[in-house]
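**Q** Provide a 3D model corresponding to the input given below.
(2 chains)
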Amino acid sequence: EAGVTQFPSHSVIEKGQTVTLRCDPISGHDNLYWYRRVMGKEIKFLLHFVKESKQDESGMPNNRFLAERTGGTYSTLKVQPAELEDSGVYFCASSQVWGPGANVLTFGAGSRLTVL
Amino acid sequence: QKEVEQDPGPLSVPEGAIVSLNCTYSNSAFQYFMWYRQYSRKGPELLMYTYSSGNKEDGRFTAQVDKSSKYISLFIRDSQPSDSATYLCAIDELQGAQKLVFGQGTRLTINP
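**A** Predicted coordinates:
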């Protein structure tokens, strides 16, 4: 079974530019989460999709961040315009809604974003 | 005050030692407690999942929860070099919500 795939693994952009991160969850996982770790800080929740619907986006830092999950499959997280403080590692995670895997979040390897 | 406090280390021990990793938390509503292991350049991987106070054992790993003290621990027995990683405690208020609150992570090195 393929795991959670994230792309790109590392992106370096200049302040003011736009970046789009992509996450492909495990097939059949309706729950999809975005988390972020900025340098020296703990991993923090950004938002949660159930299928294509945003269940909870309370962790999104501001309106420069836009997450989508069209069709309930892969998800994108766009940062526009990027600021220096957006640098960090963005993790995607997915899980089943029901069944024995419902409590198990599987994380991707993360997309490292560096804003210069 | 952070919701979850975890000593970031680093922690370095010899192979075969017993390792104790700890977190404290402030919100008594938290009910579900997890330990994740993260290798370099990888995502966190669930290691242990517990609910309520008490101990849970899985091989060389034991997770301990003391809700009265708001204190959680992970013990690793007979530590191996392959256990070298960052260990993160994570806490969830509601089962299924998976809106996890993470500790900062403790970087652990097991020396052969």
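**Q** and the residue in chain A that chain B sits nearest to, what's its pLDDT?
**A** As assessed by Cβ to the nearest Cβ, chain B sits closest to residue A:107 within chain A, at 3.2 Å. Quick note: C-beta positions are derived from backbone N, CA and C, even for glycine. Residue A:107 carries a pLDDT score of 96 in this model.
**Q** okay, and the beta partners of it?
**A** residue A:93 (DSSP bridges).
**Q** in chain A, which spans are strands?
**A** For chain A, applying DSSP state E gives strands covering A:5-7, A:10-13, A:19-24, A:31-37, A:44-50, A:53-56, A:65-68, A:75-79, A:88-95, A:106-107, A:111-115.
**Q** could you pull up the residues touching residue A:54?
**A** A:47, A:48, A:67 (Cβ atoms under 8 Å, 6 or more residues apart in numbering or on different chains).
**Q** just give me the closest of these to residue A:84.
**A** Distance to residue A:84, by Cβ to Cβ, is smallest for residue A:67 among these, at 20.8 Å.
**Q** need the contact list for the residue lying closest to that closest one once chain neighbours are set aside.
**A** The shortest distance from residue A:67 to any residue other than its chain neighbours is 4.9 Å, reached at residue A:77 (Cβ to Cβ, 6 or more residues apart in numbering or on different chains). With contacts taken as Cβ under 8 Å, 6+ apart, residue A:77 has the following neighbours: A:20, A:21, A:23, A:34, A:46, A:65, A:66, A:67, A:90.
**Q** ok, now residue A:58?
**A** Taking Cβ under 8 Å, 6+ apart as the definition, contacts of residue A:58 comprise A:45, A:47.
**Q** middle-most residue in chain A, spatially?
**A** The centroid of chain A falls nearest to residue A:34 when counting by Cα atoms, centre = their mean (3.2 Å).
**Q** bridging residues for that residue?
**A** residue A:47, residue A:92.
**Q** what does residue B:88 give?
**A** Here residue B:88, judged by DSSP bridges, has bridge partners residue B:36.
**Q** for residue A:112, same thing?
**A** Residues in beta-bridge contact with residue A:112 (DSSP bridges): residue A:10, residue A:89.
**Q** so for residue B:39, which of the strands of chain A sits nearest?
**A** Across the strands of chain A, closest to residue B:39 is strand A:106-107 (Cβ to Cβ), at 11.5 Å.
**Q** for that closest one, name the packing helices and strands.
**A** If contacts are counted by 3 or more Cβ pairs under 8 Å, 6 or more residues apart in numbering or on different chains; DSSP states H and E, strand A:106-107 sits against strand A:88-95.
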